[in-house]
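> Could you look at this predicted model? Sequence included:
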Amino acid sequence: MSEDLILEIKNLSVSFKDRKKTINVIRGVDLSLIRGKTLAIVGESGSGKSVTVKSVMALNTKGAIIDSGEILYNHKNPDGTTETIDLTELSAKQIIKNINGQKIAMVFQDPLAILNPTMTIGKQITEGMRLHRKISRKDAKQEAIKLLTHVGINEPELRMKQYPHQLSGGMRQRVVIAIALSCNPDVLICDEPTTALDVTIQAKILELIKNIQRERGLSVIYITHDLGVVASVADYVAVMYAGKVIEKGTAEDVFFRPAHPYTWGLFLSVPNVDKKEDELYSIPGNPPDLSEPIKGDAFAVRNENALPIDYEEEPPIFKLSKTHYVASWLYDPKQNAKVEIPEILRKRISDMETGVGSWIL
Amino acid sequence: MRRYIAKRVLVAVFTMLIIVLIMFLMFNLMPGSPFNDQHLKKDQIDALYRKYGLDRPVLERYFRYLYNLLRGDFGVSYNIQKNMEITKILALRLPITVRIGVQAMIIGAVAGIILGIISAVNHGKAIDPVVSVFSMLGSSIPSFVFGLALLYFLAFKLKLFPIMYSMDAPIASTILPSIALSIFPMANIARYARAEMISVLDSGFVDLAKAKGVSKTGILLKHVLRNSLIPILTVMAPMLVELITGSLVVENIFSIPGLGNLFIMAVQSNDFSVSIAIMFIYSTFYITVMLIVDLLYGIIDPRIRISGQAQ
């Protein structure tokens, strides 16, 4: 493998078990993150994007079991050698102690719920530093003030003593980012980092994360259902549906040459402000029940263009180009399928390529 | 904050005035007199009434009582310990009751919270239902049952503690009654602490702490405990006050010369100056503890503290 991968998820399957049933939330996910690049995982609620990244940090709720697969973290030591750790072989305790915060950090969705209401901002930022880096209270405080300035918070000394409820939503998210950066991680996972924020703040937070990524050479994973966010930050995009990655490639591959019918549907459901269209498109039907075994392609029942084989057999991954992969029988030469990208979508894409349209609302 | 405290204290004082007034009116309406002695003639009783000023109208007595109260004078006992100053009687008995109550408070609160933590952390494991069963038993079995059991096994059979209260061994003789009293609040606090902590363990900031790499113990002590204290405190406070006010039965079982004991005697013999004094003390306890709890809220939760400042 020529590319420098920092994180590789191989054939990961995760299920949630309770007394009554087993829900197979993740059904064989393959993903990789190139060092210094940004990967966006998109998909609707329940597609398993959050569970996938939470498996990396052992943050899934009790009852989540990794049934199979590997999560390889390739850590570069200061002397240049690379060390590979399979995170699925570590216990949750070991991951929390040795990986979380220090190697892989997370920016969460709702910055109010995620900050401890009874702890000062300063304490929350320095907690990880003091724990992992064994630095003095004074040094930690100095560094936290620097970090707060860095993430664009004014009057950092005052903020250190304040509590989360005294800060605005945007500021809180900056604090969460500062906390994530406090132990110099290699990988930053952003789980819907702008969903809970004002539209005006969203762009600023994305810009901030981008700048930090550039300065620190971070590798970033975005979890989002906001295609506008994806378009503005991602190098690589993976589309998930019903616990599987159904299409992945570079941002250009997925945005300009979307291949999977689900991806088409997803793109079509973005309201187009440039053109007047009467009705907002939505993909017909609902996602499948993952507590039942799935026969064939999970998307087949919602797919107007489903082939007979879609109901019989699960599609393998087809390689469309060096970077672009799709899990759909449409691309099996043997099926001889003639399904074309919907006309409206083709029009939108060509508008985008010529710079007329955009995915950002 | 200071204004808030001043306001609360003022309200408390006003409440006390009303409580004393109600007690005066009630005892005035009640039949019977402290001098129910068959050998006493009518004019002798009248003389006694005059001596203690009981022939005066109720409001006059009320204001005189308040005036004496301000000087720390509860008056004298009419018949339990004739003509003895109530402050002196209280000085002997109050410390014993307070000691038992405070000991029970500490045992109940600490053990209750610890049981709650154990149960919440092991939610879904074998130990959780064990604690739940204990909570149920502890809150449904009355304290005198525990008192009798402790007395029988530890004091009578094993002879580890004195059976009767002994002035020479105040600590040893108050341990068993304190334990007996603490079971009820312990069981209830454990139940509330468990429920509260299970919900706090589910909050976002616990995820953030895990993502930061904070260990389980660290999460529990630094993040969960403090955030679950407010609701626990709310149910805990009145229960703890009841330890002092409601120890009547336990004091009886262990033959403790405390306030509860005195209260029963005073009510039975119409010694209402003693009754009013004890009720006054109980009310003061209650109001003081509630005030302290209110102030604690502010210390525990900065959201309450800071909005209080702004007012």
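Now that the structure is in, tell me what you want to look at.

> okay, CA-based contacts and neighbour counts for the rest of this
Fine.

> which ones are touching B:Ser77?
Counting by C-alpha atoms under 8 Å, 6 or more residues apart in numbering or on different chains, B:Ser77 touches B:Asn83, B:Met84, B:Glu85, B:Ile86, B:Asp271, B:Ser273, B:Val274.

> hmm, 10 Å instead?
B:34, B:83-87, B:89, B:266, B:271-275 (C-alpha atoms under 10 Å, 6 or more residues apart in numbering or on different chains).

> again with A:Lys21
A:Lys21 is in contact with A:Ser291, A:Glu292, counting by C-alpha under 10 Å, 6+ apart.

> Look at it and report its pLDDT.
Confidence at A:Lys21, expressed as pLDDT, is 85.

> now swap in A:Asn154 and tell me
Model confidence at A:Asn154 (pLDDT) stands at 92.

> residues near the closest residue to A:Glu3 other than its chain neighbours, how many?
The shortest distance from A:Glu3 to any non-neighbouring residue, by C-alpha to C-alpha, 6 or more residues apart in numbering or on different chains, is to A:Ile34 (6.9 Å). The tally of other residues near A:Ile34 (other C-alpha atoms under 10 Å in any protein chain shown) stands at 17.

> hang on, the earlier thing: would you show me how to pick out the buried ones of the contacts of B:Ser77 in PyMOL?
Buried residues within these, by 16 or more other C-alpha atoms under 10 Å in any protein chain shown, are selected in PyMOL with:
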select buried, chain B and resi 34+85+86+87+89+266+271+272+273+274+275
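
> Would you check which pair of the contacts of B:Ser77 lies furthest apart?
B:Pro34 and B:Thr87 (18.8 Å; C-alpha to C-alpha).

> hmm, back to that, would you turn the contacts of B:Ser77 into TSV with secondary structure and pLDDT?
Shown next, in TSV, are the contacts of B:Ser77 (DSSP: H, G, I helix; E, B strand; the rest coil; pLDDT from 0 to 100):
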residue	secondary structure	pLDDT
B:Pro34	coil	80
B:Asn83	coil	83
B:Met84	coil	86
B:Glu85	strand	90
B:Ile86	helix	90
B:Thr87	helix	90
B:Ile89	helix	90
B:Ala266	helix	89
B:Asp271	coil	87
B:Phe272	helix	83
B:Ser273	helix	87
B:Val274	helix	91
B:Ser275	helix	90
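
> Sort out which one of the contacts of B:Ser77 lies nearest A:Gln142 for me.
Of the contacts of B:Ser77, the one sitting nearest to A:Gln142 (C-alpha to C-alpha) turns out to be B:Thr87, at 58.4 Å.

> Quick check: that closest one vs chain A, distance?
Separation of B:Thr87 from chain A (C-alpha to the nearest C-alpha, to the nearest Å) stands at 44 Å.

> same check, this time on B:Ser77
According to C-alpha to the nearest C-alpha, B:Ser77 and chain A sit 51 Å apart.

> For that residue, give me phi and psi.
phi -80, psi 140 (degrees, to the nearest 10).

> Quick one: residues contacting A:Thr323.
A:Tyr236, A:Lys248, A:Gly249, A:Thr250, A:Asp253.

> Now a PyMOL select for only the buried ones of these.
Of those, the buried ones can be selected in PyMOL as follows, counting by 16+ other C-alpha under 10 Å:
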select buried, chain A and resi 236+248+249+250+253
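
> what's the closest of the contacts of A:Thr323 to chain B?
Nearest to chain B among the contacts of A:Thr323, counting by C-alpha to the nearest C-alpha, is A:Tyr236 at 24.3 Å.

> Confirm for me that the closest one is in contact with A:Val230.
Yes - in this structure, A:Tyr236 is within contact of A:Val230 by C-alpha atoms under 10 Å, at 9.0 Å.

> shared neighbours of the two, anything?
A:Thr38, A:Leu39, A:Ala40, A:Ile41, A:Ala251.

> Which secondary structure element is home to A:Gly249?
strand A:244-250 (DSSP states H and E).

> Paired strands for that strand, with orientation please.
Using DSSP bridges, the strands paired with strand A:244-250 in its sheet are strand A:236-241 (antiparallel), strand A:325-326 (antiparallel).

> Tell me the first helix or strand C-terminal of that strand.
helix A:251-256.

> on contacts alone, who are the packing partners of that next one?
Under the contact definition 3 or more C-alpha pairs under 10 Å, 6 or more residues apart in numbering or on different chains; DSSP states H and E, helix A:251-256 sits against strand A:38-42, helix A:227-233, strand A:236-241, strand A:244-250, helix A:261-268, strand A:325-326, helix A:343-353.

> Wait, B:Ala180 touches B:Ser139, no?
No - under the criterion of C-alpha under 10 Å, B:Ala180 makes no contact with B:Ser139, lying 12.0 Å away.

> Of these two, give the one with the bigger neighbour count.
Neighbour count, other C-alpha under 10 Å: between B:Ala180 and B:Ser139, B:Ala180 has more, with 23 against 18.
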